[in-house]
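Visitor: Fold the following, please.
(4 chains)
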There are 2 protein chains.
Amino acid sequence: MSEYPVSYVAVDVVAFSIADGDLAVLLVERGVEPWRGSLALPGGFLRPEEDLLAAARRELWEETGVDEPVLEQLRSYGAPDRDPRARTVSVAHLAVLPEPVAPLAGTDAAGAAWHPVGGVRRDALAFDHGAVLDDAVERLASKLEYTALGTAFLPEEFTLAELRAVYETVWDRPLDPGNFQRKVRGAADWVVPTGEQRAATRGRPAALFRARKTGTEPLDAPLVRGTV
Amino acid sequence: MSEYPVSYVAVDVVAFSIADGDLAVLLVERGVEPWRGSLALPGGFLRPEEDLLAAARRELWEETGVDEPVLEQLRSYGAPDRDPRARTVSVAHLAVLPEPVAPLAGTDAAGAAWHPVGGVRRDALAFDHGAVLDDAVERLASKLEYTALGTAFLPEEFTLAELRAVYETVWDRPLDPGNFQRKVRGAADWVVPTGEQRAATRGRPAALFRARKTGTEPLDAPLVRGTV
DNA sequence: TTGTTTCGTGTCAAGTCCACAATTAATGTG
DNA sequence: CACATTAATTGTGGACTTGACACGAAACAA
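Guide: Prediction:
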């Protein structure tokens, strides 16, 4: 075995949430070289006895304290020169956190913070994290079409208008409230009404729902981007 | 850097083709321990100056001589005990080869051969390759829905009946010839008629087509499994 | 010529999509 | 307290899509 080349394997996490109506991504400021001072995705090296997903969960936990995140593998990046220190392959992961956002910062490194995705300068991110972020945004948008991932942005109980706002934010396009409602309620076993209503701010109060399918479970009736 | 744990990074290839009307996967017989004598996916260790995709292309080339395959990353596998020799993370790839299948064997190891996917005993494959194969089949079936990947199974010129046979094989379900034809021709810029016809074997000769979109380019009008 | 086979087009009922109108249920304002 | 305003739902109808199946077209074989 020892005649084969070894590598470092890192695990990075692209964690999304919605902050102030914008899609936001969790970034840390690097405290060590290389790229000291630059923004980067939270991540670190795979430990000897750790599964890939477990490593991603640990990294996310270190920055946010979140225990059971919606988390799945995105893809791996292995350009030979992506880390100037040594040959490093990174396995990127995609996470979605509910809006009452994670404790903003500070257990580690130089602190984590949420950044609106539209305002992040891709070429200012460390390593190839700009490309990773683009891939993650694209994947997120398409996962919303055919999985129940959208509800992962919301607290346990939510209104359909809040869910619609998630879609409008990620897809960056307005959706018809009536048609959206029909589509969502038509997807078998996705959301169930609690019977309660949200205290009205303005207008007719909305019914509260709870998700029965979560994370990346597939929907039987996809919400197609460009229609809905 | 040296205080961090190192790993071996392997690249595996799940190469599909169609042989005798069955979906087939390329497997090698392992010539060394562990799993000596078992069937396994073609693969090997990432070399120091090699990109992940380049490594997968090299592994596939070593077994088949194919130069410019349709090839993309599938996902990575990193369970701590997946390789008894050492901590190894494998980046699996998905390839599709045209039917006039690759030179069957023998440059390396104990020779490669095509196996009908339905007949492969998953638990007899080396490492976690049974799970990798299942993931690849699932991914392949869904890629056929919304990308132009289907034509990668066929030679440069093909009939729509041949393309339909690809779909029927991968999805394991009969499709309506008329509706299939309309769907495919309706997808913008996917296939263009050459004007030629295939010499008839039986029945009316079929028109020949050439693919304008190939590989994993998305289709504007997806062929939804369960409909078409 | 007639039958057989497969390719390709036509047809139509049923269903879905989607823009927009109507209804419902709350709040805020004179 | 009417009544405008806001927002959540529900209704509607025309356009489009889907899918089962019929039909016409173009070859070969007997």
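
Visitor: Where do the domain boundaries of chain A fall?
Guide: A:8-143, A:148-211 (automatic domain parsing).

Visitor: what's the closest of those domains to residue B:215?
Guide: domain A:8-143 (16.5 Å; CB to CB). The way it works is simple: take the backbone N, C-alpha and C, and place the C-beta from them, glycine included.

Visitor: where does chain A come near DNA strand D, residue by residue?
Guide: Listed as neighbours of DNA strand D in chain A under the rule CB under 7 Å from any atom of the strand: A:159-161, A:177-179, A:181-182, A:185, A:197, A:201-207.

Visitor: go again using 6 Å as the cut-off
Guide: Residues of chain A lying close to DNA strand D (CB under 6 Å from any atom of the strand) are A:159, A:160, A:161, A:177, A:178, A:181, A:202, A:203, A:204, A:206, A:207.

Visitor: Buried residues of the longest helix along chain A, list them for me.
Guide: Under DSSP state H, the helix in chain A containing the largest number of residues is helix A:129-146. Neighbour counts over helix A:129-146 (16 or more other CB atoms under 10 Å in any protein chain shown) mark A:129-130, A:132-133, A:135-137, A:139-140, A:143-146 as buried.

Visitor: now the angle from it to helix B:129-146?
Guide: Here helix A:129-146 points in a direction 70 degrees away from that of helix B:129-146 (axes from the mean of the first three to the mean of the last three CA atoms, to 10 degrees).

Visitor: so, in contact with DNA strand C or not, helix A:129-146?
Guide: No - judged by CB under 6 Å from any atom of the strand, helix A:129-146 stays clear of DNA strand C, getting no closer than 11.5 Å.

Visitor: Which elements pack onto that helix?
Guide: Packed against helix A:129-146 by the contact rule (3 or more CB pairs under 8 Å, 6 or more residues apart in numbering or on different chains; DSSP states H and E) you find strand A:8-19, strand A:22-29, strand A:70-77, strand A:88-96, helix A:160-171.

Visitor: Buried residues in the first one, which are they?
Guide: By that I understand strand A:8-19. Under the neighbour-count criterion of 16+ other CB under 10 Å, strand A:8-19 has A:8, A:9, A:10, A:11, A:12, A:13, A:14, A:15, A:16, A:17, A:18 buried.

Visitor: Run a quick neighbour tally on residue A:126.
Guide: By other CB atoms under 10 Å in any protein chain shown, 20 other residues sit near residue A:126.

Visitor: now it, what's its secondary structure?
Guide: Assigned by DSSP: H, G, I helix; E, B strand; the rest coil, the conformation of residue A:126 is coil.

Visitor: Go through the residues of chain A next to DNA strand D and flag which are in strands.
Guide: Using DSSP state E, the subset of those located in strands is A:159, A:207.

Visitor: Neighbour-wise, give me the winner out of the residues of chain A next to DNA strand D.
Guide: residue A:160 (19 neighbours).

Visitor: I'd assumed residue A:210 was in contact with that one.
Guide: No - using CB atoms under 8 Å, residue A:160 makes no contact with residue A:210, being 11.9 Å away.

Visitor: between these two, what contacts are shared?
Guide: residue A:191 (CB atoms under 8 Å, 6 or more residues apart in numbering or on different chains).

Visitor: wait, which of the helices and strands packed on helix A:129-146 is closest to residue A:214?
Guide: Nearest to residue A:214, of the helices and strands packed on helix A:129-146 and by CB to CB, is strand A:70-77 at 6.9 Å.

Visitor: how far is that closest one from where the chain is centred?
Guide: Counting by CA atoms, centre = their mean, to the nearest Å, strand A:70-77 is centred 10 Å from the centre of its parent chain.

Visitor: now the angle from it to strand A:88-96?
Guide: Using the same axes, to 10 degrees: strand A:70-77 against strand A:88-96 is 150 degrees.

Visitor: wait, what's in contact with residue A:199?
Guide: Residue A:199 is in contact with residue A:205, counting by CB under 8 Å, 6+ apart.

Visitor: Within its sheet, name the partner strands of the worst-scoring helix or strand of chain A on mean pLDDT and how each one runs.
Guide: Least confident element among the helices and strands of chain A, by mean pLDDT, DSSP states H and E: strand A:112-116 (a mean of 93). According to DSSP bridges, strand A:112-116 has the following sheet partners: strand A:22-29 (antiparallel).

Visitor: What residues of the strand it pairs with count as buried?
Guide: Of the residues in strand A:22-29, A:23, A:24, A:25, A:26, A:27, A:28, A:29 count as buried by neighbour count, 16+ other CB under 10 Å.

Visitor: Lovely, talk soon.
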